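> Let me see the structure of the following:
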Amino acid sequence: MTLTKADIVEKLTDDLGFKKHQATQITESLLEIIKSTLEPGEDILVSGFGKFCVNEKGERRGRNPSTGDDMMLRPRKVVTFNCSGKLREKVNGN
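The predicted structure is shown next:
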């Protein structure tokens with residue numbers, strides 16, 4: 001199952017009693033805070049959940065899958081997620 005923004009809004013309205021427009025604003029605000037924090041390269045630590053990290057990948061040799069030609073891939077930033085021990089235990093049913 002995929003969790004969508006609409007699912008989060010529905011949970012906030014059903015479980016916590018927020019009005020739909022309030023739940024939508026909360027969800028959008030939270031996601032905007034996450035995006036604006038990651039954009040300059042800062043990490044985000046959510047205790048009991050995990051850590052979002054921005055990592056730099058350098059230039060590297062790659063291959064065009066359709067033509068097989070070698071090419072250089074430019075440097076870029078990637079976001080990774082490392083789950084906390086508590087989340088790992090919950091997912092594994094411990």
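> Okay, strands next: where are they in this protein?
In the chain, the strands defined using DSSP state E lie at 44-46, 50-57, 60-63, 70-73, 76-83.
> list the buried ones in the first one?
This means strand 44-46. Going by neighbour count (16 or more other C-beta atoms under 10 Å), the buried part of strand 44-46 is residue 44. Quick note: C-beta positions are derived from backbone N, CA and C, even for glycine.
> Mind giving me the packing neighbours of that strand?
With contacts taken as 3 or more C-beta pairs under 8 Å, 6 or more residues apart in numbering; DSSP states H and E, strand 44-46 sits against helix 20-38, strand 50-57.
> Quickly run through the sheet partners of the shortest one, with directions.
Based on DSSP bridges, the pairing partners of strand 50-57 within the sheet are strand 44-46 (antiparallel), strand 76-83 (antiparallel).
> Rebuild the helices and strands packed on strand 44-46 as TSV, extending it with mean pLDDT.
Shown next, in TSV, are these (pLDDT from 0 to 100):
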stretch	mean pLDDT
helix 20-38	96
strand 50-57	96
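> Pipe these into a markdown table and attach mean neighbour count per row.
What follows is those, written out as a markdown table (neighbours: other C-beta atoms under 10 Å):
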| stretch | mean neighbour count |
| --- | --- |
| helix 20-38 | 13 |
| strand 50-57 | 14 |
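> per-domain residue ranges of the chain.
As assigned by automatic domain parsing, the chain contains the domains 1-39, 41-94.
> hang on, the earlier thing: could you single out the most deeply buried of the strands paired with strand 50-57?
Ranked by mean neighbour count, the strands paired with strand 50-57 are led by strand 44-46 with a mean of 13 (mean count of other C-beta atoms under 10 Å).
> quick one: the nearest residue to residue 31 once chain neighbours are set aside and residue 54, what's the gap?
Nearest in space to residue 31, with sequence neighbours left out and distances taken as C-beta to C-beta, 6 or more residues apart in numbering, is residue 5 at 7.5 Å. Using C-beta to C-beta, to the nearest Å, residue 5 is found at 22 Å from residue 54.
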